[in-house]
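[1] Build me a model from this:
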Amino acid sequence: MEHITASDPAFNPIHRIGAVANLCGVPVATLRVWERRYGVVAPPKTEGGQRLYSDHDVLKLTLLKTLTQHGHAISTLGALPVPQLQSMLNDHRAAKSLQNDKASIPASISLAVVGFPLASRIETEKFAQVFGPQTTLKVDHMFADIKQALATPVKGTPDILLVQMGSVQVSIQQDLQRLRQQLGVKRCVLIYHFATVAVLQYLHSAGVIARREPVSDVELSDIIQSIAYVDNSWSLPATTGTGIIPPRKYSDRVLQRMAAISTNVLCECPRHVADLIGMLNSFEAYSQDCLSRSTEDARLHSYLTAVSGSARALFEQALERIATHEKIDLNE
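    This is a model prediction of the structure:
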């Protein structure tokens, strides 16, 4: 902490005791006891007998209040200088942050893997070393291809579905959705060699993280960790029984048409709902794009994608109710 001298403006006595009590959250009576018994601060008095506290006093009293809430006794803290009090508080915060980080990391991650080469790669000692010892990866379900996965009943719900394919065809859209629902899995990662832009855009909107080969062990490890950690440390909203966020229902053209329709609802809620869906579509795509381009802050971007996608799905339901009420056709 930066050293403060007595000539610093922070030592100017400007605050009355009532203001100090509000600033640091310590009752006036307690402040007087702390001063009298433990000499925590020594504010000068005006000619009328009013105590005047400096900003430095307020800082110290605030630190004392916080540290006593952490279990420290005021009798042992009162004589300590501000830098030492600040250091003690920083230690508490660092310990709490470490505990929170540990709590947000799952002990194990269950995987369903489509593609034997990918499953074998994940189960190697080399990949385990890259992934790190903090979490155990378990390949609980392994399939040769999508067809076998759809035809095989499984017990238990994996945390993540990993799919490896050489060429991604249009049929993958429905197949992946069916498989996700069948497994009850929230998160899906597709690793591919070749795919059309249209198919990738659909998968993107459906919440599938797609990566083109080659994908290194480090990158694959980062993807799995970012997905697992966001699901474990934040409550992701679910709009279906399986927790899967549905893909977009309405195109930009339908939303624009809905926003332009004259209705009997004078408050213009139909237009506002259509506009909101459009904005949520854009933000959902933006968040997913951030997640796709960088593994930094991936947990946050994954969470934002889930939140915006869930909100978008809810507003789509609201739009359907409006359309039913106003007898508006939402088809293309």
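[2] CA atoms for contacts and neighbours, from now on please.
    OK.
[3] Which parts of the chain are helices?
    Under the criterion DSSP state H, the chain carries helices at the ranges 17-24, 28-33, 55-69, 74-77, 82-104, 116-122, 125-131, 146-151, 172-183, 197-205, 217-233, 252-260, 269-293, 298-326.
[4] For my notes, please list the ones you listed in JSON lines and give mean neighbour count and mean pLDDT for each entry.
    Output for those, formatted as JSON lines (neighbours: other Cα atoms under 10 Å; pLDDT from 0 to 100):
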{"stretch": "helix 17-24", "mean neighbour count": "17", "mean pLDDT": "86"}
{"stretch": "helix 28-33", "mean neighbour count": "14", "mean pLDDT": "90"}
{"stretch": "helix 55-69", "mean neighbour count": "18", "mean pLDDT": "86"}
{"stretch": "helix 74-77", "mean neighbour count": "14", "mean pLDDT": "89"}
{"stretch": "helix 82-104", "mean neighbour count": "14", "mean pLDDT": "66"}
{"stretch": "helix 116-122", "mean neighbour count": "16", "mean pLDDT": "86"}
{"stretch": "helix 125-131", "mean neighbour count": "14", "mean pLDDT": "84"}
{"stretch": "helix 146-151", "mean neighbour count": "15", "mean pLDDT": "92"}
{"stretch": "helix 172-183", "mean neighbour count": "16", "mean pLDDT": "89"}
{"stretch": "helix 197-205", "mean neighbour count": "16", "mean pLDDT": "81"}
{"stretch": "helix 217-233", "mean neighbour count": "18", "mean pLDDT": "73"}
{"stretch": "helix 252-260", "mean neighbour count": "15", "mean pLDDT": "79"}
{"stretch": "helix 269-293", "mean neighbour count": "19", "mean pLDDT": "76"}
{"stretch": "helix 298-326", "mean neighbour count": "20", "mean pLDDT": "79"}
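[5] Tell me which of those helices lies nearest to residue 43.
    Each of the helices of the chain was checked against residue 43 via Cα to Cα, and the shortest separation belongs to helix 55-69, namely 7.9 Å.
[6] Please enumerate residues in contact with that closest one?
    For helix 55-69, contacts defined as Cα atoms under 8 Å, 6 or more residues apart in numbering pick out 10-15, 20, 23-26, 40-41, 43, 74, 77-78, 82, 85-86, 88-89.
[7] Could you find the closest non-adjacent residue to residue 175?
    Spatial nearest neighbour of residue 175, excluding adjacent residues (Cα to Cα, 6 or more residues apart in numbering): residue 146 at 7.3 Å.
[8] Assess the claim that that neighbour and residue 174 are in contact.
    No: assessed by Cα atoms under 8 Å, residue 146 is found out of contact with residue 174, at 11.0 Å.
[9] Identify the residues contacting the residue nearest to residue 175.
    The neighbours of residue 146, taking Cα under 8 Å, 6+ apart as the test, are 114, 175, 176.
[10] same thing with residue 179?
    With contacts taken as Cα under 8 Å, 6+ apart, residue 179 has the following neighbours: 149, 150.
[11] try it again with 10 Å
    By Cα atoms under 10 Å, 6 or more residues apart in numbering, the residues touching residue 179 are 146, 147, 149, 150, 151, 161, 185, 188.
[12] how far away is the nearest residue to the fourth one once chain neighbours are set aside from residue 152?
    Distance criterion Cα to Cα, 6+ apart; nearest residue to residue 150, sequence neighbours excluded, is residue 179 at 6.0 Å. In this view, residue 179 and residue 152 are 10 Å apart by Cα to Cα, to the nearest Å.
[13] Please apply the same query to residue 42.
    Counting by Cα to Cα, the gap between residue 42 and residue 152 amounts to 76 Å.
[14] now swap in residue 327 and tell me
    43 Å.
[15] same deal with residue 47?
    For residue 47, the distance to residue 152 - Cα to Cα - is 87 Å.
[16] Settle it for me: which of the two has more neighbours?
    Taking residue 47 and residue 152 together and counting by other Cα atoms under 10 Å, residue 152 has the greater number of neighbours (11 against 7).
[17] Quick check: the more buried one touching residue 143?
    Yes: if you go by Cα atoms under 10 Å, residue 152 and residue 143 touch, sitting 8.6 Å apart.
[18] Let's have the contacts of residue 179 in CSV, adding distance to residue 286.
    Listed next are the contacts of residue 179 as CSV, based on distance: Cα to Cα, whole Å:
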residue, distance to residue 286
146, 29
147, 32
149, 31
150, 31
151, 35
161, 23
185, 23
188, 18
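[19] right, and the pair among these with maximum separation?
    Of all pairs in the contacts of residue 179, the most separated under Cα to Cα is 151 and 188 at 18.4 Å.
[20] which phi and psi does the residue located most distally from the centre of the chain have?
    Most distant residue from the mean C-alpha position of the chain: residue 47, 55.2 Å away (Cα atoms, centre = their mean). Dihedral pair for residue 47: phi -60, psi -30, per degrees, to the nearest 10.
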